[in-house]
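Student: what follows is a predicted structure for the sequence shown.
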Amino acid sequence: MAPVRRAGEDSREAAPRTLGDLLYADETKARATERDWIALVKSIANGDQQALYILYQHAHRLVFTLMVRMTNDLATAGELTVDVFHDVWRRASTYDPAGGSVVGWIMNQARSRAIDRLRFEQRKKRVKRDLEGASPVLETADPERIIDVTERARMVRGVLDTLTPAEREAIERAFFGELTYREVALQLDEPVGTIKTRIRTGLAKLRSALTGSTGR
């Protein structure tokens, strides 16, 4: 049984020996200070996986709750929560205490992730509706125009199926998610040059289909 601390006793004698001891302390004991959280992020920046695990254990519920509220989907919330801590692992060296608390920094990344996903899903639905000829504009359009649009939609769907998974993912994130090359590269953990090549190659295939050329 742990010794009871007496009044007037030097607080340092009862203090946890390690940061992990402090972070896993009972709710009745002193909580970790912002300095402790900053120390964790610095350790993560130096490649300390245990520090990331500790940070995850104490912040993932906050992130997951926010994700559920924003996406209204448990599976998506779980996926994005993992993505957020992957971002923390990769971006720990960029954290600046002057810009706000560690928790605030993490939650900002979480909000950004959720917003990106919502935009991605919304644009994906709009594109799908257009490709399927569900646009209300087509209801009053000239029959020949409807046939032309429908044919182009069929061609686009066909060429999308010919893209490699990497090309398709890069294009979807860039255009459906409204992300820059750099943002796509960060999300996929790939060099910016690689992302540019994938997108350009995929777009070339799309252009070939829309102009009537096979491009092969």
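Tutor: Cool, got the structure.

Student: what ranges in the chain fall below the confidence cut-off?
Tutor: Scanning the chain for pLDDT under 70 picks out the ranges 1-31, 127-160, 176-178, 209-216.

Student: domain assignment for it?
Tutor: Residue ranges for each domain of the chain read 17-118, 132-216, as given by automatic domain parsing.

Student: could you dump these into JSON lines and include mean neighbour count and distance to Lys125?
Tutor: (C-beta placed from N, C-alpha, C; glycine too.) Output for the domains of the chain, formatted as JSON lines (neighbours: other C-beta atoms under 10 Å; distance: least, C-beta to C-beta, whole Å):
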{"stretch": "domain 17-118", "mean neighbour count": "16", "distance to Lys125": "11"}
{"stretch": "domain 132-216", "mean neighbour count": "15", "distance to Lys125": "9"}
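
Student: those: which one's closest to Lys124?
Tutor: domain 132-216 (4.9 Å; C-beta to C-beta).

Student: now the element after the strand or helix carrying Gly78, going C-ward?
Tutor: Using DSSP states H and E, Gly78 sits within helix 74-91. Using DSSP H and E, the helix or strand that follows helix 74-91 in sequence is helix 102-131.

Student: tell me the contacts of the residue lying closest to Arg173 once chain neighbours are set aside?
Tutor: In space, Arg173 comes closest to Val184 once its chain neighbours are excluded; the distance is 4.8 Å by C-beta to C-beta, 6 or more residues apart in numbering. Counting by C-beta atoms under 8 Å, 6 or more residues apart in numbering, Val184 touches 170, 173-174, 177, 195, 199.

Student: from those, which is closest to Arg69?
Tutor: Gly177 (20.1 Å).

Student: using PDB, list the CA coordinates for the helix holding Gly78.
Tutor: Extracted in PDB, the C-alpha atoms of helix 74-91 (Å, rounded to 0.1, in the frame of the first residue of the first chain):
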ATOM      1  CA  LEU A  74     -19.100   5.500 -35.700                       C
ATOM      2  CA  ALA A  75     -17.000   3.700 -38.300                       C
ATOM      3  CA  THR A  76     -15.800   6.900 -39.900                       C
ATOM      4  CA  ALA A  77     -15.100   8.400 -36.500                       C
ATOM      5  CA  GLY A  78     -12.900   5.500 -35.600                       C
ATOM      6  CA  GLU A  79     -11.000   5.600 -38.900                       C
ATOM      7  CA  LEU A  80     -10.400   9.400 -38.600                       C
ATOM      8  CA  THR A  81      -9.300   9.100 -35.000                       C
ATOM      9  CA  VAL A  82      -6.500   6.800 -36.000                       C
ATOM     10  CA  ASP A  83      -5.700   9.200 -38.900                       C
ATOM     11  CA  VAL A  84      -5.400  12.100 -36.400                       C
ATOM     12  CA  PHE A  85      -2.900  10.300 -34.300                       C
ATOM     13  CA  HIS A  86      -1.000   9.300 -37.300                       C
ATOM     14  CA  ASP A  87      -0.800  13.000 -38.200                       C
ATOM     15  CA  VAL A  88       0.400  13.700 -34.700                       C
ATOM     16  CA  TRP A  89       3.200  11.200 -35.100                       C
ATOM     17  CA  ARG A  90       4.300  12.800 -38.400                       C
ATOM     18  CA  ARG A  91       3.800  16.400 -37.400                       C
END
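
Student: so the residue nearest to Arg173: helix, strand or coil?
Tutor: helix (DSSP: H, G, I helix; E, B strand; the rest coil).

Student: perfect, that will be all.
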